[in-house]
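Q: Following is a predicted model, sequence given first.
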Protein chains: 2
Amino acid sequence: MSKPCIICVAITGSVPTQADNPAVPVTFTEQIESTHASFEAGASIAHCHVRDDQGKPTSDAERFARLKEGIEKHCLGMVIQLSTGGRSGSGRDRGGMLPLAPDMASLSVGSNNFPTRVYENSPDLVNWLAAEMLKYDVKPEIEAFDLSHIVQATRMAADGRLKGPLYVQFVMGVKNAMPADKRIFDFYIETLNRLAPNAEWCAAGVGPAQVQVNEWSIAQGGHTRT
Amino acid sequence: MSKPCIICVAITGSVPTQADNPAVPVTFTEQIESTHASFEAGASIAHCHVRDDQGKPTSDAERFARLKEGIEKHCLGMVIQLSTGGRSGSGRDRGGMLPLAPDMASLSVGSNNFPTRVYENSPDLVNWLAAEMLKYDVKPEIEAFDLSHIVQATRMAADGRLKGPLYVQFVMGVKNAMPADKRIFDFYIETLNRLAPNAEWCAAGVGPAQVQVNEWSIAQGGHTRT
Ligand SMILES: [Zn+2]
Ligand SMILES: [Zn+2]
Ligand SMILES: [Zn+2]
Ligand SMILES: [Zn+2]
């Protein structure tokens, strides 16, 4: 029997607005309805971002708590993953929701360029977020925007800063970072398998790369992000 | 007949001090003597950093001018490469020496983590440094600290932000960035050859990785950095 493919749904993200696409769920009601529909359709992880009253991304812990409660109530058994990403806050504010002890949280372990700026994840911040995740027993999803991030995650698992087995997401298609390139995608899998044989991986393609990367992931036996 | 291997000597660098090692050349006289000895021994590129009166790294253009003049006078025909690296300055100060029109200058095209901080090379800064190098006809040596930096350099050459053929240096062994890993080293070469078939590459191992990476480079037909 083959291994099931986990579908993780990123219901809101940090970038799109309702002006871009009216279907983007932004209010709690919209987010919970959208998550519930995804759960019914087969998604088993909800990757969550929250927005402030102006629709801007925020790391506000109270808003994360409210969304988490709503998903727990309406989507029994769905795995909840909260974002600690740097588009919603900066410094330790990014980890302010970890005491909520969600099932999972995203974790970047290195820095890279984004379309218009540096995505900063300093070694100190990475180590602090990882320590908070150990403390609250939160399973990290490692966001790998480049090859060294995969290697760094395996080093952190080896020295105890992360609890294994690793769950690593390959993020492709971000301008000025890694494009959606099949040969590199395959090498990501090879490298992760070589350095952390028990790890699981998923992959996310950004924008136009989304469907392509979903197809590659499913074909190669990984998990996938919508 | 096989292709000659270019030896690039980094006489001073930005990290070591005379307290660490009294042989590190820091004054102009020491730097020029050291470069001359390297040139006589077969090095053909001098990768140059300058220091201030306290021995700290600086991007000061007058100091770079003085070092460049000294090397030109004493090492006739040696290729001079000035560092625009972020350990010696920040923002556009890092490119203040480019109007000196050295033969080459180092250029980082992405961001990554260093041992204790983020090595920031924002898209705007990268594009500005690249444009200055086009303006003053300076050949960049691309410093690739991660795989996406290699890809980014090939994109910049394809769209005219960099003048080809590319000369790319693989930097390995920096803590929190890419370790000296032979399989990854081979994949760097494969990726560069695939995306920019006319490119040349060299490789630098930091600290204990230096001799290992030198050996890999020479064996694989690349160029090397001491
Ligand atoms: Zn996210
Ligand atoms: Zn429901
Ligand atoms: Zn240097
Ligand atoms: Zn001389």
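A: All right, it came through fine. Ligands and ions are numbered 1, 2, ... in the order given.

Q: any idea how far chain B is from the spatially most central residue of chain A?
A: If you average the C-alpha coordinates of chain A and look for the closest C-alpha using C-alpha atoms, centre = their mean, you land on A:Ser106, 4.3 Å from that point. With the distance defined as C-beta to the nearest C-beta, to the nearest Å, A:Ser106 ends up 17 Å from chain B. For every residue, glycine as well, the C-beta is placed using N, CA and C.

Q: confidence score at that residue?
A: Looking at A:Ser106, its pLDDT is 98.

Q: tell me, how many neighbours does A:Leu100 end up with?
A: Here the count is done by other C-beta atoms under 10 Å in any protein chain shown, and A:Leu100 has 18 residues near it.

Q: ok, for it, nearest residue in space, not its chain neighbours?
A: When the adjacent residues along the chain are set aside, A:Leu100 lies closest to A:Ala65, with 5.5 Å between them (C-beta to C-beta, 6 or more residues apart in numbering or on different chains).

Q: Counting by contacts, list what the helix or strand hosting that neighbour packs against.
A: Secondary-structure assignment from DSSP states H and E places A:Ala65 in helix A:61-74. When contacts are defined as 3 or more C-beta pairs under 8 Å, 6 or more residues apart in numbering or on different chains; DSSP states H and E, helix A:61-74 sits against helix A:28-40, strand A:45-48, strand A:50-51, strand A:79-82.

Q: now the helices: where do they sit in chain A?
A: Along chain A, the segments classed as helices by DSSP state H run A:28-40, A:61-74, A:123-135, A:147-158, A:182-195, A:210-220.

Q: Any chance of CSV for those, columns mean pLDDT?
A: Supplementary listing: the helices of chain A in CSV, determined by pLDDT from 0 to 100:
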stretch, mean pLDDT
helix A:28-40, 95
helix A:61-74, 97
helix A:123-135, 98
helix A:147-158, 98
helix A:182-195, 98
helix A:210-220, 96
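
Q: Of the helices and strands packed on helix A:61-74, which stretch is the most buried?
A: A comparison of those by mean neighbour count, using mean count of other C-beta atoms under 10 Å in any protein chain shown, puts strand A:45-48 on top with a mean of 26.

Q: Please name the residues that touch A:Gln210.
A: The contact partners of A:Gln210, by C-beta atoms under 8 Å, 6 or more residues apart in numbering or on different chains, come to A:Gly173, A:Ala204, A:Thr226.

Q: so the first one makes contact with A:Val213?
A: Yes: proximity of A:Gly173 to A:Val213 meets the contact threshold set by C-beta atoms under 8 Å, at 7.0 Å.

Q: so what's in contact with those two at the same time?
A: Shared contacts of A:Gly173 and A:Val213, counting by C-beta under 8 Å, 6+ apart, come down to A:Ala180, A:Gly205.

Q: Those two: who's more crowded?
A: The residue with more neighbours, out of A:Gly173 and A:Val213 and counting by other C-beta under 10 Å, is A:Val213; that gives 24 against 18.

Q: Brilliant, that's me finished.
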